[in-house]
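Trainee: Return a 3D structure for these sequence lines:
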Amino acid sequence: MSLRVLLIGDVVGKPGREILTEKLADLRKSRDIAFCIVNAENASGGSGLTRENAAEVLNAGVDVVTMGDHVWKRKEIAALMQSDSRILRPQNYSPLASGTGFGIYELPTGEKIAVLNFLGRVFMKPADCPFRGADEALRNVAPHTRNIFVEIHAEATAEKIALGWHLDGRVTCVYGTHTHVATADERVLPQGTAYVTDIGMTGPHDGVLGRRKDRVIKAALTQMPFPFDVSKGDVRLTGAIVTFDPATGKAEAIERIQIAGNEAP
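Mentor: Numbering: from 1, shown residues only. Just a heads-up that it's a prediction; the model follows:
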C-alpha cells in the first residue's frame, strides 16, 4: 500500500501561517496525506520562529517542522527544541547546539518515518559538511526505517542536486528549501529517491521572496538599508507530494503543488 507525504516550503510571516491554517486540513483529507513536513524558519515576522507561532503551525496539522539558517533568530526556540522532537534544526550545526536535526516518527499505518534537516554550505553561513553529515545520520536512522526524507536548506542548486545523487537509493526523498522559488525539476531518481531542488514558498507572492517589493527595490536602487517587511497579497501554499512504498522506502512519484488563498485544495 502506497502512502503520501506532503512537503510544504518556507512559511513566511502571518500570511503564510494563515493560509497553512486555512488550507492544510482539507488538503490532507482530499489527497489522503499520511504525514506533513513544513519548513517554518521564516514563519515569525519573516525570520525565525517563536514559541506561539510554532504551536500555530503544528496545530494546523503539521507533523514535523524543519528550520534553516534563520533558526536562531528567535532565541526562545532553543528551549522549545530541547523539549519538542517535532521541531528540527539543521543537523550539520555544532553538536553542542540545542535540539537535533533528525527524528524518527510513526505513520498512521504503524510504520516509522525519519526526517533529516541539513543546511547547505555554498553562499551560506558556516556549517559542517551536509554530505558527510547525511552519511553519519543515516547510520543512526537506517536500522529503524527505510522511509527517510531529507531536506537540504541551501542556496546553490548544484549543491542540492549533488546531495540528491549522493543519497539516491538510500533515502525516500531529497528536497530543497530556502530560495522561496519552486523549481520544475521534480523526478524520481534511478535508484528510487524522489527529488526536487526547491519546493517554494508558502506566503505572499506579490513581493520579493515574501517581502515588500517597494522596500527591496529601494534597497537595490540606493544601496541603503530598508526594513524588508513581509508582504501581504497573492498568498499561496506551495510544496510537493511524494508517493512512496513504506515496505521498501522507495518513491513512486513526486508532484509539485500550489494552492492560492481563494482556491480549494
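
Trainee: ok, which stretches of the stretch 101-250 of the chain are strands?
Mentor: Secondary structure of the stretch 101-250 of the chain by DSSP state E, counting those that start in this stretch: the strands cover 102-106, 112-119, 148-153, 173-177, 187-188, 194-196, 203-204, 235-245, 250-260.

Trainee: residues contacting residue 44?
Mentor: The neighbourhood of residue 44, defined by CB atoms under 8 Å, 6 or more residues apart in numbering, consists of 13, 50, 53, 73, 74. From N, CA and C alone the C-beta is placed, and that goes for glycine too.

Trainee: ditto for residue 13
Mentor: Listed by CB under 8 Å, 6+ apart, the contact partners of residue 13 are 42, 43, 44, 45, 46, 203, 204, 210, 230.

Trainee: just the buried members of these?
Mentor: Of the members of the contacts of residue 13, the ones counted as buried by neighbours, 16 or more other CB atoms under 10 Å, are 42, 43, 44, 45, 46, 203, 204, 210, 230.

Trainee: What is the nearest of these to residue 17?
Mentor: The shortest separation between residue 17 and any of these is 5.8 Å, and it belongs to residue 43 (by CB to CB).

Trainee: same question for stretch 159-173, mean pLDDT?
Mentor: In this model, stretch 159-173 carries a mean pLDDT of 98.

Trainee: hmm, back to that, and the contacts of residue 13, which two are furthest apart?
Mentor: When CB to CB is used, the two most widely separated members of these are 44 and 204, lying 14.9 Å apart.

Trainee: returning to that earlier point: with distance to residue 25 and pLDDT added, can I get the contacts of residue 13 in CSV?
Mentor: Shown next, in CSV, are these (distance: CB to CB, whole Å; pLDDT from 0 to 100):
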residue, distance to residue 25, pLDDT
42, 22, 97
43, 18, 97
44, 22, 97
45, 25, 95
46, 25, 94
203, 18, 97
204, 21, 97
210, 23, 95
230, 24, 95
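
Trainee: Could you point out which of those residues is nearest to residue 160?
Mentor: Nearest to residue 160 among the contacts of residue 13, counting by CB to CB, is residue 42 at 18.2 Å.

Trainee: The closest one and residue 248, how far apart?
Mentor: In this structure, residue 42 and residue 248 are 34 Å apart, going by CB to CB, to the nearest Å.

Trainee: Perfect, that will be all.
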